[in-house]
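Student: what's the 3D shape of this:
(one chain, ligands or ions: 1)
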Amino acid sequence: MSFTVAIDGPAAAGKGTISRAVAARFGFAHLDTGLLYRAVGRRMLAGEPPIAAAEALTPDDLADPDALRTAAVAEAASKVAVIPEVRAALLDFQRAFARRAGGAVLDGRDIGTVICPEAEVKLFVTASAEVRAERRLKELLAAGFETDLGTVLADVKSRDARDAERASAPMRAADDALTLDTSAMGVAEAVAAAVAAVEAARVG
Ligand code: CDP
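Tutor: Numbering: from 1, shown residues only. Got it, this is the predicted structure:
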């Protein structure tokens with residue numbers, strides 16, 4: 001039986017941490033859909049046209065997640081993500097993953113609105129831009145990148161604006177999504193809120 005948890009929200013909101021924890025707790029598979037767009041962005045930075053890159057994507061493109069987590073690749077991802085043909089090329093894979101037997105958690109921008117509007121649980125995870133930039137700064141510094149808060153905050157804001165304002169599958173909360181503002185929440189509290197939402201849907 002399928003059971004889909006859709007987790008959307010802006011850059012560096014903690015979607016990945018919450019998704020991994022929910023997947024582990026319930027034994028569901030997890031797909032970080034941002035990695036698909038990052039992989040297309042990475043191929044574009046290497047000189048490939050984005051639509052051809054999206055159509056040619058293979059699991060090998062996701063084999064080295066660290067190479068996909070750079071600021072330059074994130075920026076390229078949000079540029080290719082505005083192209084409808086790029087999104088279309090990635091659609092079937094995401095839909096099939098969402099409805100796979102045994103349950104799935106997908107995190108991204110349009111999971112509850114476009115990829116899986118029938119998802120049993122929809123969360124929109126957000127936090128203030130400042131809090132998100134601080135979280136992303138810590139991750140980037142821990143991974144050995146040299147950057148600063150001002151740069152990361154500007155990147156996060158410009159990516160959010162591009163993601164929210166694009167015509168094709170813009171980032172937004174589905175009408176029936178539960179919004180989780182994690183600005184003042186620790187990881188444990190945010191995960192507990194997400195787990196409670198899944199448990200309520202499984203019982204209901
Ligand atoms: O990790 P972070 O939240 O910073 O970004 P991500 O989830 O890895 O996504 C990178 C970029 O891919 C986003 O800024 C979006 O432009 C795009 N994306 C998208 O358009 N749709 C998705 N379902 C997931 C990501």
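Student: list the helices and strands the least confident helix or strand in the chain by mean pLDDT packs on?
Tutor: Ranked by mean pLDDT, DSSP states H and E, the weakest helix or strand in the chain is helix 65-68, scoring a mean of 92. Helix 65-68 sits against helix 34-45, with contacts defined as 3 or more CB pairs under 8 Å, 6 or more residues apart in numbering; DSSP states H and E. Just so you know, the C-beta spots here come from the backbone N, C-alpha and C atoms, and that holds for glycine as well.
Student: The helix it packs on and the ligand in contact?
Tutor: Yes: against the ligand, helix 34-45 shows contacts by CB under 6 Å from any ligand atom at 34, 37-38.
Student: List of residues touching that helix?
Tutor: With CB atoms under 8 Å, 6 or more residues apart in numbering as the test, helix 34-45 has contacts from 50, 53-54, 56-57, 61-62, 65, 67-69, 72-81, 86, 90, 93-94, 107-109.
Student: which is the next helix or strand following that helix?
Tutor: helix 50-55 (DSSP states H and E).
Student: other SSEs contacting that following helix?
Tutor: In terms of contacts (3+ CB pairs under 8 Å, 6+ apart), helix 50-55 is packed against helix 34-45, helix 71-80, helix 84-98.
Student: ok, is stretch 118-125 in contact with the ligand or not?
Tutor: No: with CB under 6 Å from any ligand atom as the criterion, the ligand is not reached by stretch 118-125; the gap is at least 9.6 Å.
Student: Oops, could you answer that again for stretch 59-69 instead?
Tutor: No: Stretch 59-69 is not in contact with the ligand by CB under 6 Å from any ligand atom; minimum separation 7.6 Å.
Student: That stretch: end-to-end distance?
Tutor: 16 Å (CA to CA, to the nearest Å).
Student: all strands of this protein, in order?
Tutor: Applying DSSP state E to the chain gives strands spanning 4-8, 29-32, 104-108, 121-126, 178-181.
Student: just for this structure, where's the confidence low?
Tutor: 204 (pLDDT under 70).
Student: got the residues of it near the ligand?
Tutor: Within the chain, the positions lying close to the ligand (CB under 6 Å from any ligand atom) are 11-12, 33-34, 37-38, 74, 77-78, 81, 108-110, 159, 163.
Student: Check the offset of the least confident helix or strand of the chain from the chain's centre.
Tutor: The gap between where helix 65-68 is centred and where its chain is centred comes out at 14 Å by CA atoms, centre = their mean, to the nearest Å.
Student: Flag every buried residue along that helix.
Tutor: The neighbour-count check on helix 65-68 (16 or more other CB atoms under 10 Å) flags Leu68 as buried.
Student: Name the residues that touch it?
Tutor: By CB under 8 Å, 6+ apart, the list of residues contacting helix 65-68 from outside reads 35, 38-39, 42, 62, 73, 143.
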